[in-house]
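> Curious how this folds, go ahead:
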Amino acid sequence: MRIAIVNNLYPPYGRNSGAEIIAANMSADLKLAGHEVLIITSTLNNEQTDTDSTYFLNSSYRLLSQWTSLRKLIWHLGQLIIPWHKRKLKQILNTKKVDLVITHNLIGLGFYLPRLLRRLNIPHHHLLHDIQLLHPSGLMYFGQENIINSLLARCYQFFTKQSLSGAAQIISPSQWLLQLHQEKGFFNNQKTLVRPNFKLEKQTPKNLTKPVQFIFAGQLEKHKGIHILLEAWEKAAIPKEKAQLNIVGGGSLLNLVQAKSHEIDNINYAGYLSHEETEKLIKQLDVLILPSLVYENSPTSLWEAAKYGLHAIASDIGGISELKEYLDLKLIPPNNSEALAQMMINIVKNLED
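The predicted structure follows:
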């Protein structure tokens, strides 16, 4: 079978986000199963050129964070109603004689593709990763749940709902995310499936020794709660001979992380690493921390912690609690540096008792 995998970002030109990693893993698994796989993703200013198996659609998606709110709004409206890349998409699908298209995140590629697939009668599966069909930011902060209920959000949902209405199957890694969409009227009379992104059995948790090696691996952005973690680490004031905090990633809060790593002797900033390098580091450490401030679906970093038997501390938000059956996962209230500090203190203290 010839299968096309579509995601707005794809390695090695992405941000090491969960959707990219899952799309790449899916591609590898399908190839191992004997399928022919082609990738459709985005590029900025035609920087990348097509190959026999990878096709790039020119998009300004990577510039989005630099734009004003008005410009973003106009751009998102265009994503919903303009048939972006119509000619190229039809050429790819017809020339390659694609049997199945699996879409992931479509922001930056436009919502014309699902409509085109329906017209061409090509089977289409869609994999949910976040709330991008409910709000173009894909982010819903704790305490700001009404963001998906505003008039603009409801108008946006009308178009995304229509666009995805022809998908033969909707796959969600968490029951929470699927239910949230269904509550908004999505996927009526469509086949839905809750399927984890990874196939794992719960591992025996690592035996902890001093110094306990904590790790944060992800985007150094407000929504991932890195500033909450740094605040909690200072409050916990655990001596370096008992615990160390390792941080991996890049983002707008990089300067804050670098400053704290110079100021506090048991914070180690490892820089921005590739996914493979990050996974290699995670494997060597003890406790992964994800103090997210936004509703998460099924975070890849927690799955990677589970794979290597790490312990984990994460915000009790979204679908995160559904991962408790795969690893030793301790949940804390979102946006609560005191609770996070106490949890880290308890882990170190229990080691001493």
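> Show me what secondary structure element comes after the biggest strand by length in the chain.
With secondary structure taken from DSSP state E, the chain has its longest strand at strand 36-43. Moving toward the C-terminus from strand 36-43, the next helix or strand (DSSP states H and E) is strand 54-58.
> and the direction of that following strand versus that of strand 36-43, what angle?
Comparing the axes of strand 54-58 and strand 36-43 via axes from the mean of the first three to the mean of the last three C-alpha atoms, to 10 degrees yields an angle of 20 degrees.
> What pairs with strand 54-58, parallel or antiparallel?
According to DSSP bridges, strand 54-58 forms sheet pairs with strand 36-43 (parallel).
> Please list the residues outside the partner strand that contact it.
By C-beta atoms under 8 Å, 6 or more residues apart in numbering, the residues outside strand 36-43 that reach it are 1-10, 13, 23, 27, 30-31, 53-59, 61-62, 89, 92, 96, 98, 108-109. From N, CA and C alone the C-beta is placed, and that goes for glycine too.
> mind listing which of these are in helices?
23, 27, 30-31, 89, 92, 96 (DSSP state H).
> got the residue ranges for the helices in the stretch 101-250 of the chain?
For the stretch 101-250 of the chain, the helices defined by DSSP state H, counting those that start in this stretch cover 112-120, 151-164, 175-183, 226-236.
> Give me the packing partners of the third one, helices and strands only.
For helix 175-183, the elements it packs on are strand 169-172, strand 191-194, judged by 3 or more C-beta pairs under 8 Å, 6 or more residues apart in numbering; DSSP states H and E.
> Without its sequence neighbours, what residue ends up closest to S165?
Q190 (7.3 Å; C-beta to C-beta, 6 or more residues apart in numbering).
> Just the pLDDT at that neighbour, thanks.
Looking at Q190, its pLDDT is 96.
> Quick check: L200 touching Y308?
No: the criterion here is C-beta atoms under 8 Å, and L200 misses it with Y308 at 10.3 Å.
> what's the distance between R154 and I147?
Distance, R154 to I147, by C-beta to C-beta, to the nearest Å: 11 Å.
> S315 too?
Taking C-beta to C-beta as the measure, S315 falls 17 Å from I147.
> again with A314
As for A314, its distance to I147 is 22 Å (criterion: C-beta to C-beta).
> out of these two, which sits in the busier spot?
Taking neighbours as other C-beta atoms under 10 Å, A314 and I147 compare with A314 leading, 28 against 15.
> Now name the helix or strand holding that one.
Counting by DSSP H and E, A314 is part of strand 311-315.
> which outside residues touch that strand?
142, 205-206, 208, 225, 286-293, 296, 299, 302, 305-306, 320, 327-335, 340, 343-344, 347.
> Can you select the buried ones from these in ChimeraX?
Buried residues within the contacts of strand 311-315, by 16 or more other C-beta atoms under 10 Å, are selected in ChimeraX with:
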select :142,208,225,286,287,288,289,290,291,292,293,296,299,302,305,306,320,327,328,329,330,331,332,334,335,340,343,344,347
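> For L288, give me its contacts.
So L288 contacts 214-217, 282, 301-302, 304-305, 310-313 (C-beta under 8 Å, 6+ apart).
> Now do the helix or strand containing H262 against helix 226-236, angle only.
Taking DSSP H and E as the criterion, H262 maps to helix 254-263. Calculated by the same axes, to 10 degrees, helix 254-263 forms an angle of 20 degrees with helix 226-236.
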